[in-house]
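Student: Give me a model of this one.
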Amino acid sequence: MKLKKLISIVLLATSVSIVAAGCSETAARKNEYPNANINGIVPWAAGGGTDLVSRTAVIAAEKALGKSIVIVNKPGASGTIGQQYVYDQKADGYDLLFNTGDGTLYPVLGLSDLTYKEFTPIYIFSKIAGVIVVSKDSPYNTIDDLLNAAKSQPDSISLGVGGVGTLPWVASIMLDNLFGATFKSVPFEGDNPLITALLGNQIDATVLSAGSAIQYIKSGDFKGLAVVSNDPVESIPDVPALGAIKPEAQPMLKTTGPWFGVFVKKETPADVVQTLTEAFKKGYEDQQFQAFAKTNGYTPLGLTGDKAWEYINAWQSQQAWLIYDAGKAKESPEKFGIPRPGQ
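Tutor: Modelled structure (predicted):
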C-alpha cells in the first residue's frame, strides 16, 4: 500500500512538472517576437515611390520574420496622418512606419510637431535622384542650354514643380541658388500631371524622379539634360550627373533626393529592433529588391543605426535650411536645433 502511494506521489509530481514546463514553454513562445502579423503603415497613396519601395523590401523580410507584414496606406496631410498613427500605437514592433525624408521637415513646414526623433530607424533602403527633362522638340539639348536661357530671361522659362519640399521644387531652388537660373515656377500635384504637362508642351521643363523619367527618356518623348545628383543613374547612362558637369554643386547634391526607410516607435525594445534590423537587412540585400532598385533608378543605401541617423540629420539640415532661406518655412530650423549644413 505504501509503495502504491509513493508511486502515485511520484506520478503526480511528474505530471505537475510536465504541466509547469509546458506552461513555461507556452509563455516563452507567447513572448517571442513576432508572434503575430505586423502592420506596415505607408503614409502616402498606393503606387507611389514609398509604397513601391516598401512593398518590395518586405518580401524577403517577411520570410526572415516568419510572419506577414501587411502594408496599409494611410495618406493625407503630407504624410503626417500615417506618421501620427504609428506614433499613437504601442511601441512593440507590430506597427512599422515606412516613410521618406519628409518626416524630418514637418515642424519647419508647420505641419506637425512630430519628427523622427520619436522613432528609431530600422533601415534606410534607398534614395532616388531627380532628372531634369524637356520635351523631345525642345530647343534645349544640354543643361547649360537651359540654365543660360533661364539666366538671360529670368522668370520666362517655365519649370513644372510640385509643392514645397518636393523633388522638383527643391531642384528649382537649387538651380537658382547655385547658378542664378530663375525659372517661372508652374505648380502641379505629382509626377503624372507634370509628365502630362510636358508632353503637351504646357511647360518648358520639369524635374521628375528617375523612376518616372526613365521610360520617357528611353522612348524618346523626353530629353534628359542632367541627373540631380553627383552620380549618374545606371539605367540612363547617357544622362550626365549634374555634379560631374558642375563641380560647385557637389556639396549640396550629397543629400539631395527623396530617400525611403522603415521606422518603429522609439521605446520599442532593443531585441525587437535587432530582429527587425536583421530581417530588413535580408529584405534589402535580396536579389528582387536590388533588381527593382536598379531597374527603376533608385540608389541603394542600406543604412542602419548611427549611419542611418547621420544620413537623416544631414538631409534634414540641407532641406530645412533650403526651404527656410527660400522663404517657404513656417518656422526657423534653428528653433528645432537643426544646424545649417556644414556647421
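
Student: quick one: residue 291 is in a helix?
Tutor: Yes: in this structure, residue 291 lies within a helix as judged by DSSP: H, G, I helix; E, B strand; the rest coil.

Student: Which residues are in contact with it?
Tutor: By C-beta atoms under 8 Å, 6 or more residues apart in numbering, the contact list for residue 291 is empty. Any C-beta I mention is one placed from the backbone N, CA and C, and that applies to glycine too.

Student: Same question for the one 3 residues further on.
Tutor: Residues in contact with residue 294, defined by C-beta under 8 Å, 6+ apart, are 234, 235.

Student: how about the strands of the stretch 201-343 of the chain, start to end?
Tutor: Here the stretch 201-343 of the chain has its strands, by DSSP state E, counting those that start in this stretch, at 205-209, 222-228, 259-265, 298-303.

Student: what pLDDT does residue 103 get?
Tutor: Predicted confidence (pLDDT) for residue 103: 88.

Student: Surely it and residue 79 touch.
Tutor: Yes: using C-beta atoms under 8 Å, residue 103 is in contact with residue 79, at 6.4 Å.

Student: among the strands of the stretch 201-343 of the chain, which is the most enclosed?
Tutor: Most buried of the strands of the stretch 201-343 of the chain, by mean neighbour count (mean count of other C-beta atoms under 10 Å): strand 205-209, with a mean of 27.

Student: State the paired neighbours of it in the sheet, together with their directions.
Tutor: Applying DSSP bridges, strand 205-209 is found paired with strand 130-135 (antiparallel), strand 158-161 (parallel).

Student: Residue 241 contacts residue 231, doesn't it?
Tutor: Yes: assessed by C-beta under 8 Å, residue 241 is found in contact with residue 231 at 5.4 Å.

Student: I'd like to know which of the strands paired with strand 205-209 is closest to residue 253.
Tutor: Ranking the strands paired with strand 205-209 by proximity to residue 253 (C-beta to C-beta) places strand 130-135 first, at 10.3 Å.

Student: And the very next helix or strand once past the closest one, how far out from the chain middle?
Tutor: Next helix or strand after strand 130-135 toward the C-terminus (DSSP states H and E): helix 143-152. On the basis of C-alpha atoms, centre = their mean, to the nearest Å, helix 143-152 sits 31 Å off its chain's mean C-alpha point.

Student: pLDDT on helix 143-152, on average?
Tutor: 95.

Student: For it, C-alpha coordinates in PDB please.
Tutor: In PDB, the C-alpha atoms belonging to helix 143-152 read as follows (Å, rounded to 0.1, in the frame of the first residue of the first chain):
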ATOM      1  CA  ILE A 143      21.700  71.600 -69.100                       C
ATOM      2  CA  ASP A 144      23.800  74.600 -70.000                       C
ATOM      3  CA  ASP A 145      21.300  75.500 -72.700                       C
ATOM      4  CA  LEU A 146      18.500  75.500 -70.200                       C
ATOM      5  CA  LEU A 147      20.400  77.300 -67.500                       C
ATOM      6  CA  ASN A 148      21.700  80.000 -69.800                       C
ATOM      7  CA  ALA A 149      18.200  80.600 -71.100                       C
ATOM      8  CA  ALA A 150      16.800  81.000 -67.600                       C
ATOM      9  CA  LYS A 151      19.600  83.300 -66.600                       C
ATOM     10  CA  SER A 152      19.200  85.500 -69.700                       C
END
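
Student: buried stuff in it?
Tutor: Within helix 143-152, the residues scored as buried using 16 or more other C-beta atoms under 10 Å are 143, 146, 147, 149, 150.

Student: Can you tell me the closest non-neighbouring residue to the second one?
Tutor: When you say that, I think you mean residue 146. residue 140 (4.4 Å; C-beta to C-beta, 6 or more residues apart in numbering).

Student: What's the local residue count around that neighbour?
Tutor: Residue 140 has 20 neighbours, counted by other C-beta atoms under 10 Å.

Student: coming back round to it: most packed of the strands paired with strand 205-209?
Tutor: Each of the strands paired with strand 205-209 was scored by mean neighbour count; the highest is strand 130-135, a mean of 25, by mean count of other C-beta under 10 Å.

Student: Return the distance of it from the chain's centre.
Tutor: What separates the centre of strand 130-135 from the centre of its chain is 21 Å, taken as C-alpha atoms, centre = their mean.

Student: Stretch 274-289 too?
Tutor: For stretch 274-289, the distance to the chain centre is 16 Å (C-alpha atoms, centre = their mean).

Student: With just CA atoms, put it into PDB.
Tutor: The C-alpha trace of stretch 274-289 is given here as PDB (Å, rounded to 0.1, in the frame of the first residue of the first chain):
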ATOM      1  CA  GLN A 274      17.500  44.000 -33.600                       C
ATOM      2  CA  THR A 275      15.100  41.300 -35.000                       C
ATOM      3  CA  LEU A 276      13.600  43.800 -37.400                       C
ATOM      4  CA  THR A 277      17.000  45.100 -38.400                       C
ATOM      5  CA  GLU A 278      18.300  41.700 -39.300                       C
ATOM      6  CA  ALA A 279      15.100  40.900 -41.200                       C
ATOM      7  CA  PHE A 280      15.100  44.100 -43.300                       C
ATOM      8  CA  LYS A 281      18.800  43.600 -44.000                       C
ATOM      9  CA  LYS A 282      17.800  40.500 -45.800                       C
ATOM     10  CA  GLY A 283      15.000  42.400 -47.500                       C
ATOM     11  CA  TYR A 284      17.400  45.000 -48.700                       C
ATOM     12  CA  GLU A 285      20.100  42.500 -49.800                       C
ATOM     13  CA  ASP A 286      17.500  40.300 -51.600                       C
ATOM     14  CA  GLN A 287      18.100  40.000 -55.300                       C
ATOM     15  CA  GLN A 288      14.500  41.000 -56.100                       C
ATOM     16  CA  PHE A 289      14.900  44.300 -54.200                       C
END
